[in-house]
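> Structure for this input, please:
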Amino acid sequence: MSEGHQDDERLRAFRETLVRFTPRAVVTYAIITVNVGLYVVMVSTGVHGFSPEPEVLVRWGAGFGPFTASGEWWRLLTAAFIHIGLLHLMMNMWVLFTAGPLVERLLGNTGFAVVYLLSGLLGGLASLAWNPEAVSAGASGAVFGVFGALAAFLVLRHRQIPLQVLHGLRLATLIFVGFNLLFGMMHRAVDAAAHVGGLVGGFACALPLCHRFTGASWRRRWWRNLAVAVAGGGLVAGGAALLRNDAGDLQRELDRFVVVEKRCVVRYNEALRRLREGESTDPELAATLRRDVLPGWRAARRRVLGFRDRKLPALYRRKLERVSRYMELRERGWLLFAEALERRDKEKAARALELQDRAERAMERVR
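Reported below is the predicted structural model:
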């Protein structure tokens, strides 16, 4: 028997063994269906099909560091099913369609589901740790985990996998890696840290699941799947506890402050216009500042300052200090202007205007 014929027979026997232990790659096709279905729903509701805005992605469940780390941990999972346009989706699903069935049959349906989901979660945690302010989306981290799982099999069971099986994956692997490198340079929401985290996570999670292709090993695989799921879940929970911070709560408070700021500035400008047009007096403008502007501003400032003793990443701590400085200058300027109007003090009025100029410059630093 020729060497080529022996290789063909070995390949045929290998495929028959995989199909006997795992007849259908149902999990792979279910994942593809969910990803494509979610994309269709998003586009049908008005989301841009090729270049959706980051804010839109976040509303649909993409990962956003401040929100994720402040308690919205479900984003680690949902982000793995949301894509940044059609090209991003097609590439990930094509590679999953190419490599997923093989790896699913190597791991079994349940084992593949465990490794895929844990890879996505661990990739999300890696993204959060590397860039705590980023918006991230896509199945790439989980798909890299599929390749990590395949690598684990090649390390431990390489003699059982015919080389012909891997030849068909070379092109898909090269295109997938090259695409993600290029796409990552074009889109900030594509995070290389998630790819590395997914790859390492998939490799580590699959190591205990690299069974021998025997009936006895396959019948005992359930407890290995359970052990990996429990250990991986504990690792994800530990990482979440370590990365937990209050940046999301601060971001929501800053968004709330934007509304307060607009309202206060509108009231101030309207009162100032009425004074200039002779519709009100200096004391009336001062009263408006003290009654309608400063109370709401001070309350917002107290809420923002309350975050100084809370756990924040460095980027958000700098943002907090800059916003606090702006709020302080604006408040001091308005208060001094009210006093100047009440006492008809031109020197205080000039100092108040200087404080307002400094507040504007501070706001530019915030922006």
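
> so where do the strands sit in the protein?
63-64, 135-136 (DSSP state E).

> among these, which gets the worst mean confidence?
The minimum mean pLDDT among these belongs to strand 135-136 (a mean of 90).

> now it, how far from the centre of its chain.
4 Å (Cα atoms, centre = their mean, to the nearest Å).

> Use 32 as the first number for this chain going forward.
OK, 32 is where the count begins now, so the last one is strand 166-167.

> Which secondary structure elements does that strand sit against?
helix 85-91, strand 94-95 (3 or more Cβ pairs under 8 Å, 6 or more residues apart in numbering; DSSP states H and E). To be clear about C-beta, it is placed using only N, CA and C from the backbone, and glycine gets the same treatment.

> Now with 10 Å, please.
When contacts are defined as 3 or more Cβ pairs under 10 Å, 6 or more residues apart in numbering; DSSP states H and E, strand 166-167 packs onto helix 85-91, strand 94-95, helix 96-100, helix 140-161.

> So which other helices or strands are in contact with the third one?
Right, helix 96-100. For helix 96-100, the packing partners by 3+ Cβ pairs under 10 Å, 6+ apart come out as helix 106-109, helix 140-161, strand 166-167, helix 252-274, helix 278-307, helix 345-374.

> In it, which of the residues would be classed as buried?
Gly96, Pro97, Phe98, Thr99, Ala100 (16 or more other Cβ atoms under 10 Å).

> out of those, who's nearest Met73?
Phe98 (18.5 Å; Cβ to Cβ).

> ok so, going back, turn the buried residues of helix 96-100 into JSON lines, columns for distance to His189.
Listed next are the buried residues of helix 96-100 as JSON lines, based on distance: Cβ to Cβ, whole Å:
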{"residue": "Gly96", "distance to His189": "39"}
{"residue": "Pro97", "distance to His189": "43"}
{"residue": "Phe98", "distance to His189": "42"}
{"residue": "Thr99", "distance to His189": "38"}
{"residue": "Ala100", "distance to His189": "39"}
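
> Going by distance to Ala235, which of the residues you listed wins?
Using Cβ to Cβ, those come closest to Ala235 at Thr99, 22.0 Å.

> excluding its backbone neighbours, what's nearest the closest one?
Arg106 (4.5 Å; Cβ to Cβ, 6 or more residues apart in numbering).

> wait, what's in contact with that neighbour?
With contacts defined as Cβ atoms under 10 Å, 6 or more residues apart in numbering, Arg106 is in contact with 89, 92-96, 98-100, 113, 155, 159, 167-168.

> Show me where this protein dips below the pLDDT cut-off.
32-39, 198-199, 212-222 (pLDDT under 70).

> Pairing partners for the spatially most central residue of it in the sheet, please.
Nearest residue to the geometric centre of the chain (Cα atoms, centre = their mean): Gly94, 2.1 Å. On the basis of DSSP bridges, Gly94 is bridged to Ser167.
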